[in-house]
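K.L.:
Can you look at this prediction? I've put the sequence above it.
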Amino acid sequence: MPNTLALTSSRKQKISLALLILAVALALVFHTAPRFLKAGAMAAAFAADMMMTRNGLFLRLAGGYSLQRAAMMFVDVHLLYMTAFLWQIRHGGLPVAAGGAWPGLFLLLAVQAVLYLLYRKNPARDCGLLVLGMIYGLIIGSLFLVVCLYAFSNGGFALISLAGVISFMISDMVIAMEKIGGFRLHNRDALVWFFYALGQFLLLL
């Protein structure tokens, strides 16, 4: 059966470009440090997306395809988002809701447990992939922890950011199910990009 929801590389690149334009526009309109940090995060994500979708011009400028460099770009994405939300927590003028740390810590640990269970489930186990996945899981789990603190402290509109990081994590877990767990998911590509794009969009708001 053909995958009717498959996305071409061109469509993925257009989605990523639209998100980058949105991020830059919001930074220029609101002109705050967190907005510029988020625009930087989306710029790093755009570069990683161009690498992963093997954009010809980008690969020539970057000196060729490298999965490791793309992964490091996504690490930069999460670190820049973390810095943006930490800035908002520090300068938001509201007391930090320490209760937000508990769901953040729980999910951070739960991600590690799920990755290990996926690894154990796969007959063709790749320990190297598991280690990389767990390191990456710690980074995005830390982002979730920071966003939890921000959302619990501010409430209301800030909860959109929490929905964004959850969507981002769902996208990454779908990838982990295939790469670490060995699962073959129907419409996997569409699932990854739907939750990835939605997560980026909500984090940028």
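P.N.:
On my side now, so go ahead. Keep in mind it's a predicted model, so treat the numbers as computed, not measured.
K.L.:
contacts, neighbours, all on C-alpha from now
P.N.:
Fine.
K.L.:
got the residue ranges for the helices in the protein?
P.N.:
For the chain, the helices defined by DSSP state H cover 9-30, 33-52, 56-62, 67-91, 101-121, 127-154, 159-179, 188-204.
K.L.:
Dump those into TSV; add mean pLDDT as well.
P.N.:
Formatted as TSV, those follow (pLDDT from 0 to 100):
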stretch	mean pLDDT
helix 9-30	97
helix 33-52	97
helix 56-62	92
helix 67-91	93
helix 101-121	93
helix 127-154	93
helix 159-179	94
helix 188-204	95
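K.L.:
any residues touching stretch 51-60, and which ones?
P.N.:
9, 12, 13, 50, 65, 66, 67, 70 (CA atoms under 8 Å, 6 or more residues apart in numbering).
K.L.:
ignore the last one, stretch 196-205
P.N.:
If you take CA under 8 Å, 6+ apart as the criterion, stretch 196-205 is touched by 15-16, 19, 23, 35, 38-39, 42, 160-168, 170-172.
K.L.:
Now the buried members of these.
P.N.:
Buried members of those, counted by 16 or more other CA atoms under 10 Å: 16, 19, 23, 35, 38-39, 42, 160-168, 170-172.
K.L.:
how much space between the most centrally placed residue in the chain and residue 178?
P.N.:
Nearest to the mean C-alpha position of the chain, by CA atoms, centre = their mean, lies residue 168 at 4.5 Å. As judged by CA to CA, to the nearest Å, residue 168 and residue 178 stand 16 Å apart.
K.L.:
same thing with residue 204?
P.N.:
28 Å.
K.L.:
And the two? Which one has more around it.
P.N.:
Remark: of residue 204 and residue 178, residue 204 carries more neighbours, 24 against 15, as counted by other CA atoms under 10 Å.
K.L.:
how near is that one to residue 85?
P.N.:
For residue 204 relative to residue 85 (CA to CA), the value is 11 Å.
K.L.:
same thing with residue 152?
P.N.:
12 Å.
K.L.:
Who has more neighbours out of those two?
P.N.:
Shown here are residue 152 and residue 85; by other CA under 10 Å, residue 85 has more neighbours (25 against 18).
K.L.:
Contacts only, for the more buried one.
P.N.:
34, 146, 147, 150.
K.L.:
What distance do you get for it to residue 75?
P.N.:
Applying CA to CA, the value for residue 85 to residue 75 is 16 Å.
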